[in-house]
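Chemist: Just the structure for this:
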Amino acid sequence: MKILNALLLVTTTYYLADATLSKTDSKKASSKSFETKTRLSDVPVQSRGLVTTDVKAKDIVLDHQSYCNKKVKERHVSGDVLGYVTPWNGHGYDVAKIFASKFTLISPVWLQIRRKGRQSFQVTGLHDVDQGWIKDIIKKNSKSTQLVPRVLFDSWTYQDFESVFNSEDEIEDLSDALVQTAKDEQFDGFVIEVWSQLGGQQRQGLVHMLTHIGQALHQAKLQFILVIPPAVAPGTDQLGMFGKKEFDLLAPVVDSFSLMTYDYSNPHRPGPNSPISWVQACVQILDPESKWRKKILLGLHFYGMDYSALGASGEPILGSRVPKWIADSSQVLS
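Modeler: Okay, here's the model as predicted:
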């Protein structure tokens, strides 16, 4: 399988944010975080012996938040790299400014679009927009990193979707609302997350609406990234709610697909977060001939799940918890 572009879902204090944890989960995890001072070095981690199959417990505790100051602007991925930033993880904003050059796309989780009535749409969440932070990102990266906030279709009913699908005027007004917001706020485009809301229904209507949105964004010279669910339903051999047919129809008008190849397991079927065979199948089913492979941003998770924890859904295991576990274990460090 060809090397894919990477979508980085950020959850630990080292990364930006995440796109799957809820605000509640994030607060739970942060309350248990292991605080250590970020350490800078002029020597790459490879030269310090930190990239190895023989990992030492003490190195994890001492260096889990260290990075090479001279390498912060180097990128080793030829294609696009997308990272999410969430308002409830304030440290992510600082990390984004430090490592922004490693990302071609940064998506703050800020916005929602609401249908207020016939041909009436409103983009909400603008109170979370931090123009000072945006200017810092642009200043430090000379526009090489683009800001593409995520947009959720918040509080939409099935009837709302049907009304929009059946009206070219409504689709046009919806597209205009997004374009105008991007112009007003100086965004470079949007990450649109809507497909899973209808549970695999109304695929034709969704393709039609998203095609028009994509065309409108491109006409305004804006980026259009579409979040899509896995092509193979987790834990089964069944096809998911987004398949090759929809992929082929939308690929010409979508700049990148944010593929959700994570959260494979659940409390009723605990196990790995992203089995490699499943991840490969999700990509190959969508694009078996690699025609549009460069547009697939493969979802890479940087968290695990603890299904033995109290609660119906378990809780996330963030990277910041691991060094605390190690440090608390006298046997490991002895």
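
Chemist: Spit out the contact partners of Val194.
Modeler: Applying C-beta atoms under 8 Å, 6 or more residues apart in numbering, we find Val194 in contact with 152-153, 206, 210, 227. Bear in mind the C-beta positions are built from the backbone N, C-alpha and C, glycine included.

Chemist: now do Val148
Modeler: 82, 105-107, 187-191, 223, 225.

Chemist: which of the residues you listed sit farthest apart?
Modeler: Farthest-apart pair in those is Leu82 and Phe187; separation 14.3 Å (C-beta to C-beta).

Chemist: Which strands or helices does the helix or strand hosting Gln159 pack on?
Modeler: In this structure, Gln159 sits in helix 158-165 according to DSSP states H and E. Where contact means 3 or more C-beta pairs under 8 Å, 6 or more residues apart in numbering; DSSP states H and E, helix 158-165 is packed against strand 111-117, helix 168-185, helix 203-219.

Chemist: Which one (most neighbours) among the contacts of Val194?
Modeler: Val227 (24 neighbours; other C-beta atoms under 10 Å).

Chemist: can you tell me the helix or strand for that one?
Modeler: strand 223-228.

Chemist: Tell me the buried residues in the helix or strand just after that strand?
Modeler: Using DSSP H and E, the next helix or strand after strand 223-228 towards the C-terminus is helix 244-250. By neighbour count on 16 or more other C-beta atoms under 10 Å, the buried set for helix 244-250 is 246-247, 249-250.

Chemist: by contact count, what packs against helix 244-250?
Modeler: helix 203-219, helix 276-286.

Chemist: closest to Leu147 out of the ones you listed?
Modeler: helix 203-219 (14.0 Å).

Chemist: for the closest one, packing partners?
Modeler: Secondary-structure packing of helix 203-219 (3+ C-beta pairs under 8 Å, 6+ apart): helix 158-165, helix 168-185, strand 189-193, strand 223-228, helix 244-250.

Chemist: Just the buried residues of the longest one, please?
Modeler: By that I understand helix 168-185. In helix 168-185, counting by 16+ other C-beta under 10 Å, buried: 170-171, 173-175, 177-179, 181-182, 185.

Chemist: do the first one as well
Modeler: Within helix 158-165, the residues scored as buried using 16+ other C-beta under 10 Å are 161, 163-165.

Chemist: what do you get for stretch 46-53?
Modeler: Those would be Leu50, for stretch 46-53 by 16+ other C-beta under 10 Å.

Chemist: and what of stretch 303-313?
Modeler: 303-305, 307.

Chemist: With stretch 224-236 instead?
Modeler: 224-232, 234.

Chemist: Can you give me the first-to-last residue distance of that stretch?
Modeler: One end of stretch 224-236 sits 30 Å from the other (C-alpha to C-alpha, to the nearest Å).
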